[in-house]
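Enquirer: Need a 3D model of the sequence below.
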Amino acid sequence: MKNIATTRTGKAPRAATSGGLQAWLPRLVLAPSVAISLFFVYGFMLWTFILSLTSSRMLPSYDFVGFGQYARLMQNERWWVASTNLMIFGTLFVLICLVIGALLAMLLDQKIRQEGVLRTVYLYPMALSFIVTGVVWKWLLNPSLGIQAMVQSWGFESFRFDWIVDPDMAIYTLVIAAVWQASGFVMALFLAGLRGIDDSIVKAAQLDGASLPRIYWRVVMPCLRPVVFSAVMILAHIAIKSFDLVVALTGGGPGYATDLPATFMYAHAFNRSQIGLGSASAMLMLGGVLAILIPYLYSELRSRRHG
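Expert: Numbering: from 1, shown residues only. This is a model prediction of the structure:
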């Protein structure tokens, strides 16, 4: 009996140790990646904010000037051009992607033939990087090589499509390229939402004599409000941090007519040796992203809590 009791008491500590190890193992595995993220993401965010309060130029310095760099930024004409361009680009990009994505999703929702092929075709641009998209559309929009040259070769000599070299119209070339790439992604979001709607709701509306466009506008779209909200948040986030598309398509030109805050930040921080000013613009961009992400996260957490 004494040997049995000893055996049982020996197993109990081993079981407790094994259980404690299993409880701590996931935390130990995740700890390095969490520590790296904290340092290289949030640590550098904090460092950027510190630099935005200094007079840093070519190299970081810690001669603090308070919010002087932000005051300089507000007086910089190029920053206001970049901010205005962001408003134009972001608004058109989000709205057009929503309209095209919703229309494509409604088309595919009609159970048409070759739906899988069409869905792949519409989604394919999203698999490309914005660099590739920018280079391709730079060729297409080049007046001497692209669409204008092709149409003129067909005999329409008066046709003009030289927006990419027009300072007043160049910003809209960014909208065209970005919409081409992202509208398929929005279509996938809407299509997933449409497939999640109960068919009985649509059939009941059809029995009441409602036309198909009216059913989608009055019945289906209100059910897709969470999808619309998510799409707007994602597209706005893409618009605010757009950099590679601008660099590949227009380079910020002509002049700085297509500058966005991201290209402004890069040009001043790395090309013009004004790290402090570039850091201040980066912090304002971060504020814009947070203004989008915080409502999105709040709505997600609220829906899960009530769900």
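Enquirer: and the strand or helix carrying residue 189, which residues are buried?
Expert: Element membership for residue 189, per DSSP states H and E: helix 170-195. Residues 170-191, 193-194 are the ones in helix 170-195 that count as buried (16 or more other CB atoms under 10 Å). The way it works is simple: take the backbone N, C-alpha and C, and place the C-beta from them, glycine included.
Enquirer: Quick check, pLDDT for residue 205.
Expert: In this model, residue 205 is scored at 78, pLDDT.
Enquirer: Show the contacting residues for the residue nearest to the spatial centre of the chain.
Expert: With distances taken as CA atoms, centre = their mean, the residue of the chain nearest its centroid is residue 238 (2.3 Å). Contacts for residue 238 were tallied using CB atoms under 8 Å, 6 or more residues apart in numbering; they are 93, 178, 182.
Enquirer: Verify the contact between the first one and residue 239 for me.
Expert: Yes - counting by CB atoms under 8 Å, residue 93 sits close enough to residue 239 to count as a contact (5.2 Å).
Enquirer: Could you find the closest non-adjacent residue to residue 265?
Expert: residue 281 (4.4 Å; CB to CB, 6 or more residues apart in numbering).
Enquirer: which ones are touching that neighbour?
Expert: Residue 281 neighbours (CB under 8 Å, 6+ apart): 73, 79, 261, 264, 265, 268.
Enquirer: Out of those residues, list just those in helices.
Expert: Per DSSP state H, helices hold the following members of the contacts of residue 281: 73, 79, 261, 264, 265.
Enquirer: most neighbours, which of the residues you listed?
Expert: When neighbours are counted by other CB atoms under 10 Å, residue 264 leads the ones in helices among the contacts of residue 281 with 26 neighbours.
Enquirer: my read: that residue touches residue 84, true?
Expert: No - counting by CB under 8 Å, residue 264 does not reach residue 84; the two are 11.7 Å apart.
Enquirer: Counting neighbours, what do you get for residue 91?
Expert: So residue 91, with other CB under 10 Å, has 13 neighbours.
Enquirer: average pLDDT across stretch 209-221?
Expert: The model assigns stretch 209-221 a mean pLDDT of 79.
Enquirer: quick thing: my sequence starts at 702, can you match it?
Expert: Okay, using 702 as the starting number, the last item reads as stretch 910-922.
Enquirer: Run the chain-centre distance for it.
Expert: 30 Å (CA atoms, centre = their mean, to the nearest Å).
Enquirer: again with stretch 882-891
Expert: 12 Å.
Enquirer: C-alpha coordinates for it, CSV please?
Expert: Provided in CSV are the C-alpha atoms of stretch 882-891 (Å, rounded to 0.1, in the frame of the first residue of the first chain):
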residue,chain,number,x,y,z
GLN,A,882,-6.6,46.7,-59.5
ALA,A,883,-8.9,46.8,-56.4
SER,A,884,-12.5,46.6,-57.8
GLY,A,885,-12.2,42.8,-58.2
PHE,A,886,-11.4,42.5,-54.5
VAL,A,887,-14.5,44.6,-53.6
MET,A,888,-16.5,42.3,-55.9
ALA,A,889,-15.4,39.3,-53.9
LEU,A,890,-16.4,40.9,-50.7
PHE,A,891,-19.9,41.8,-52.1
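Enquirer: Residues contacting it, please?
Expert: If you take CB under 8 Å, 6+ apart as the criterion, stretch 882-891 is touched by 794, 797-799, 801-803, 805-807, 809, 820, 823-827, 829, 831, 834, 925, 928, 931-932, 935-936, 939.
Enquirer: Which members of those residues are classed as buried?
Expert: Listed as buried from the contacts of stretch 882-891 are 794, 797-799, 801-803, 805-807, 809, 820, 823-824, 826, 831, 834, 925, 928, 931-932, 935-936, 939; burial here means 16+ other CB under 10 Å.
Enquirer: Which members of the residues you listed occur in helices, if any?
Expert: Filtering those for helices - DSSP H - leaves 794, 797-799, 801-803, 805-807, 809, 820, 823-824, 831, 834, 928, 931-932, 935-936, 939.
Enquirer: List the contacts of the residue nearest to residue 945 when sequence neighbours are not counted.
Expert: Residue nearest to residue 945 in three dimensions, not counting chain neighbours: residue 831, with 4.4 Å by CB to CB, 6+ apart. With contact taken as CB under 8 Å, 6+ apart, residue 831 is in contact with 879, 882, 943, 945, 946, 949.
Enquirer: Include pLDDT and distance to residue 732 when you put those residues into TSV, please.
Expert: As requested, these are exported to TSV (pLDDT from 0 to 100; distance: CB to CB, whole Å):
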residue	pLDDT	distance to residue 732
879	95	39
882	93	37
943	90	34
945	92	33
946	94	37
949	94	38
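Enquirer: Tell me the one among these nearest to residue 977.
Expert: Distance to residue 977 across the contacts of residue 831 (CB to CB) is lowest for residue 943, with 23.4 Å.
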